[in-house]
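**Q** Provide a 3D model corresponding to the input given below.
(3 chains)
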Amino acid sequence: MKISRSTAMPYIIWMIIFTVIPLILVTYFAFTDGNGTFTMANISEVKDYVAVIFRSIWLAFVATVICLIIAYPLAYVVSRASEKKQKTYLLLVMLPMWMNFLLRTYAWMTLLENTGIINRLLVMIGIGPFAMINTQGAVVLGMVYNYLPFMILPLYSNMTKIENRLIEAAQDLGAPSRKVFSEVVWPLSLPGVMTGITMVFVPAVSTFIISRMLGGGSNMMIGDLIELQFLGNAYNPNLGAAISLGLMIFILLCMSMLNQFNEEDKEGMII
Amino acid sequence: MKRHRLIKNSWVGAVMAFLYAPIVVLIVYSFNSSKSRALWTGFTLDWYKKLFTNEVILSSLMNTLIIALISTVFATIIGTLAAIGINAMRKWTQALILNITYMPIINPEIVTGVSLMLLFVFVRDRMGVPLEMGFVTMILAHITFSIPYVILNVLPKLRQMDKNIYDAALDLGCNPAMAYIKVVIPEAMPGIISGALMAFTFSLDDFIISYFVSGPNFTTLPITIYAMTRKKVSPEINALSTLLFLIVLVALVAYNVVDSRRENNKEY
Amino acid sequence: MENLIVLKDIVVKFDGEQVLNSINLEIRDKEFITLLGPSGCGKTTTLRIIGGFVEANEGDIFFDGVRINDVPPYKRQVNTVFQKYALFPHLNVFENIEFGLKIKKMPPKERSAKVKEMLELVGLKGFERRSIDQLSGGQQQRVAIARALVNRPRVLLLDEPLGALDLKLRKEMQTELKRIQQSTGITFIYVTHDQEEALTMSDRVVVMKSGNILQIGTPQDIYNEPINAFVADFIGESNIIPGIMRTDYHVEFAGNSFECVDTGFDPDQLVDVVVRPEDIKVVEADEGMISGVVKSVIFKGVHYEMLVEGAGEDWLIHSTVASEPGTLIGMNILPNDIHIMDREEEPVLSEQKEDGNED
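**A** Okay, here's the model as predicted:
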């Protein structure tokens, strides 16, 4: 088996150049100034953006909770359906995901505009118009819409593993529906819940497209902040690196707290 | 019980409506003769005609396909070899390498994008290598984020495989290289194919990482779409969305039909 | 008969742990030899040494007089029937059997003739195009044998080949394997933890335990003259009673003095006395050398299995006549049925002999 071990060499070299070194560079830039001398200035500057950071976390959190509330019953219903129906449902859930998310978000722009369809309908029935676009609500809506499948799929693949026999056994042992749920279904589905939460929260907290397209200029998030430092007017890669580093560490900490990201889940998360 | 089912069905229906409403709106408005996104002024195919004469869209579509194809081929080869090697490693080296491998998957995409951008800028500015942001950097970036998906798909297949399968090939006269080519790789083929498919679709769809490593002279479709949404809105986007949606729909349905037919055959 | 394979002082360590302790074994041409022992005894490792899948840390292995330590598996004149068969799922029955010949670049016509011949030998004519997952366990087993035998190996290694089959099929395959071995004249080296299987099929049995060979002999030798209490207990159920060898032909156990046929022990040496359950004769209470009370009776089909308590020991008895639980009975043992062995240092009881997907 010695020969086979060496087949990983090209990848290991690749991984060092394109994964490890770039992350080291992010750290290096975060702790240096434009001339390459060591400084803590970037790190301490991050705290000027506390409002943006908290807004990002808050909006991502709200979006994750809404996703969970919508997805959990749906995933459960789908997982109990007949095999053929399951396949169809799954296809229906995945299909929108295959459309570029810029287009999906753009579609919501169309819908939410002040002169958009929803407002026109509302006017027609005599209420509104409401300012919907460029609000935090619109950003959360965009997140929920884009990342809902990421919540449904891990929940579903976890729940298909909960056998009907277990539910019947609980009923047989005298558990009423509420107890069946709280004592059997919910605990068993927790790994799926955890995976779903990470898969929604991570992209939501770091997005810069959704906030820009649906949130207007006033609802900046961490992602926008980073983007501005690298490709925007604020050009300051050192500060950008510091924020990125902070974001990365924050995510990794959240992840290790959820502590559910074991290998099995990871292999199961992509259908 | 009946009420139960009603609640279930309406929940599923509501979620599906939520998922598809924007897409339906896009599709409907792709046939709207007015530029307005709200008023329906009549049916037209103009936007489709305009789409097919739009140089920018067509060339970026081409670029997207080229990038996806090249990066998928490289990622599949490197990733499959890597999975074979990783599978044969000792436990702790395996864990170390897998943890680093998962980094690009766990990390927010924007961090991966930024880190790669820093690498390319660093190589260009501090090391003096004339590396322009564009085709090359894009390929490198796409291979980088695709490999983990290949490994993720191939490794479980290798782990599930009866260890004696490899020994059996040796036993029947294969040298180690032949044993891999004749037995191990064919055996892992479903994983390799799904890994490659995943790499391909992620590459087609990627915007965030591409955004940070692309240059002005080389753009892919997602980047072009982004640029279009920033500017004055053109219904060509609607037409483009409709076409992409139809392509995906046809592909997925076809795949499922073939898949279920294959399964039916198996039962005999 | 000539020795085909010779293992000399073979030592194997996995992660510093000694799996084989200086094994010496000679395997004769055309014999059916079985490596028998509980899980983790090193029998599969020994087989893999011969197959070339495991390297010995010390010692030499000879094939036909030539040292083959460094010969890789694909260059050895040995083929293997693997545990759970290891058939290639992506190939059909024909392609599986043909695999080895294809690697050797045999022309297609010859190849298919040989495959046909093999399918006939294992009784799977007409199964050529079946895919592997359409076969039953027994059929997969036959394909695995055909795939190995078609290469005309000098030696066929079989690693618990019947382990995954149900009892009835296992019995069938035992006779089948013996028939194939006799008709092909190929040396079979067979690994199993099932003593009954070993006794039924083998010319010789090698009993192993914790990396050592305890005894090598014909099934009759092993059954009738087990070398120690472990072998006795592993090969069928036994009563093992502590005793003292007073002089040649005289042993004391269960509070009685018995005549026996064993010699060569030290005077007053502590020994283990082994008596097979079927060798204890049940007689009237006052006619027996030992008397005891029947504790339980179980009907086993051919015989009754009785547990009797007497003279401070529990006795397992197989008898065609049952006695009611609670009755007092007498027990007699003939000199020929008393087997004396050196007392083992460690207690035998803890040794499991149940199942084993081992090593």
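
**Q** pLDDT score for B:Gln121?
**A** Not Gln; residue B:121 is Val. With respect to pLDDT, B:Val121 has a value of 92.

**Q** tell me which residue of chain C lies closest to chain A.
**A** The minimum distance from chain C to chain A, using C-beta to the nearest C-beta, falls at C:Phe53 (10.3 Å). (C-beta placed from N, C-alpha, C; glycine too.)

**Q** now B:Gly173, what's its secondary structure?
**A** For B:Gly173, the assignment made with DSSP: H, G, I helix; E, B strand; the rest coil gives coil.

**Q** excluding its backbone neighbours, what's nearest it?
**A** Leaving aside its chain neighbours, B:Gly173 sits nearest to C:Ile103 (4.0 Å; criterion: C-beta to C-beta, 6 or more residues apart in numbering or on different chains).

**Q** now B:Val248
**A** Distances taken as C-beta to C-beta, 6+ apart put A:Trp98 closest to B:Val248, at 4.2 Å, once the chain neighbours are dropped.

**Q** report the separation between that neighbour and chain C.
**A** Using C-beta to the nearest C-beta, to the nearest Å, we find A:Trp98 at a distance of 30 Å from chain C.

**Q** quick one: residues contacting that residue.
**A** B:Thr201, B:Asp205, B:Val248, B:Leu252 (C-beta atoms under 8 Å, 6 or more residues apart in numbering or on different chains).

**Q** so B:Met117 sits right up against B:Ser214, yeah?
**A** No: proximity of B:Met117 to B:Ser214 does not meet the contact threshold set by C-beta atoms under 8 Å, at 9.7 Å.

**Q** following the chain onward from whatever helix or strand C:Leu158 lives in, which element is next?
**A** Assigned by DSSP states H and E, C:Leu158 belongs to strand C:155-159. Moving toward the C-terminus from strand C:155-159, the next helix or strand (DSSP H and E) is helix C:167-184.

**Q** mind listing what's buried along that next one?
**A** C:Leu169, C:Arg170, C:Met173, C:Gln174, C:Glu176, C:Leu177, C:Ile180, C:Gln181 (16 or more other C-beta atoms under 10 Å in any protein chain shown).

**Q** then stretch C:50-68?
**A** Buried residues in stretch C:50-68, defined by neighbour count with 16+ other C-beta under 10 Å: C:Ile50, C:Gly51, C:Gly52, C:Phe53, C:Val54, C:Ala56, C:Gly59, C:Ile61, C:Phe62, C:Phe63, C:Ile68.

**Q** for the fourth one, pull up the helix or strand it's in.
**A** So the one you mean is C:Phe53. Judged by DSSP H and E, C:Phe53 forms part of no helix or strand.

**Q** residue contacts, it?
**A** Contacts of C:Phe53 by C-beta under 8 Å, 6+ apart are B:Asp167, B:Leu170, C:Pro73.

**Q** out of the residues you listed, which is most surrounded?
**A** Comparing the contacts of C:Phe53 on neighbour count, C:Pro73 comes out first with 25 neighbours (neighbours: other C-beta atoms under 10 Å in any protein chain shown).

**Q** hmm, it is touching B:Leu172, no?
**A** No: using C-beta under 8 Å as the test, C:Pro73 is too far from B:Leu172 to be in contact (9.2 Å).

**Q** leaving out the residues flanking it, which one is nearest to the residue of the stretch 101-250 of chain A found nearest chain C?
**A** Nearest to chain C in the stretch 101-250 of chain A, going by C-beta to the nearest C-beta, is A:Thr160, at a distance of 22.4 Å. Computed as C-beta to C-beta, 6+ apart, the closest residue to A:Thr160 that is not its neighbour in sequence is A:Ser79, at 4.8 Å.

**Q** need the contact list for the one you found.
**A** A:Gln86, A:Tyr156, A:Met159, A:Thr160, A:Ile162 are the contacts of A:Ser79 under C-beta under 8 Å, 6+ apart.

**Q** go with 6 Å
**A** When contacts are counted by C-beta atoms under 6 Å, 6 or more residues apart in numbering or on different chains, A:Ser79 touches A:Tyr156, A:Met159, A:Thr160.

**Q** in contact with the second one, which residues?
**A** When contacts are counted by C-beta under 6 Å, 6+ apart, A:Met159 is found next to A:Ala75, A:Tyr76, A:Ser79, A:Ser189.

**Q** confirm that the third one lies within a helix, as I assumed.
**A** Yes: using three-state DSSP, the secondary structure at A:Ser79 is a helix.

**Q** tell me how far it lies from A:Leu90.
**A** Note on A:Ser79: its distance to A:Leu90, by C-beta to C-beta, to the nearest Å, is 10 Å.

**Q** would you quantify the distance from the residue of chain C positioned farthest from its centre to chain B?
**A** Distance from the C-alpha centroid of chain C, by C-alpha atoms, centre = their mean, peaks at C:Asp286 (40.6 Å). Counting by C-beta to the nearest C-beta, the gap from C:Asp286 to chain B is 61 Å.

**Q** report how many residues lie close to the closest residue to C:Glu324 other than its chain neighbours.
**A** Counting by C-beta to C-beta, 6+ apart, C:Glu324 lies nearest to C:Val294, which is 6.8 Å off, once chain neighbours are set aside. Counted with other C-beta under 10 Å, the neighbours of C:Val294 add up to 21.

**Q** these two touch, right, C:Val294 and C:Pro325?
**A** Yes: taking C-beta atoms under 6 Å as the definition, C:Val294 is a contact partner of C:Pro325 at 5.1 Å.

**Q** got the contact list for A:Asn158?
**A** With contact taken as C-beta under 6 Å, 6+ apart, A:Asn158 is in contact with A:Ser189, A:Pro191, A:Gly192.

**Q** pretty sure it sits in a helix.
**A** Yes: counting by three-state DSSP, A:Asn158 is found in a helix.

**Q** gap between it and A:Thr195?
**A** In terms of C-beta to C-beta, A:Asn158 sits 7 Å off from A:Thr195.

**Q** which ones are touching the closest residue to C:Gln83 other than its chain neighbours?
**A** The spatially closest residue to C:Gln83, leaving aside those adjacent along the chain, is C:Asp159, at 4.6 Å (C-beta to C-beta, 6+ apart). By C-beta under 6 Å, 6+ apart, C:Asp159 lies in contact with C:Thr44, C:Leu47, C:Phe82, C:Gln83, C:Val191.

**Q** so which of the residues you listed are in helices?
**A** C:Thr44, C:Leu47 (DSSP state H).

**Q** chain B: which of the contacts of C:Asp159 is nearest?
**A** Checking the contacts of C:Asp159 against chain B by C-beta to the nearest C-beta gives C:Phe82 as the nearest, at 4.1 Å.

**Q** and for that closest one, the neighbour number?
**A** Neighbours of C:Phe82 under the rule other C-beta under 10 Å: 25.

**Q** and for A:Gly246?
**A** Considering only other C-beta under 10 Å, A:Gly246 is surrounded by 19 other residues.

**Q** doesn't it lie inside a helix?
**A** Yes: counting by three-state DSSP, A:Gly246 is found in a helix.

**Q** what sits closest to the residue in chain A that chain B sits nearest to if chain neighbours are left out?
**A** Using C-beta to the nearest C-beta, A:Ala8 is the residue of chain A that sits closest to chain B, at 2.6 Å. Spatial nearest neighbour of A:Ala8, chain neighbours left out: B:Gly85 (2.6 Å); criterion: C-beta to C-beta, 6+ apart.

**Q** that neighbour: what's it in contact with?
**A** By C-beta under 6 Å, 6+ apart, the contact list for B:Gly85 reads A:Arg5, A:Thr7, A:Ala8.

**Q** the same query, at a cut-off of 8 Å, please.
**A** Listed by C-beta under 8 Å, 6+ apart, the contact set of B:Gly85 reads A:Ser4, A:Arg5, A:Ser6, A:Thr7, A:Ala8, A:Met9, A:Tyr11.
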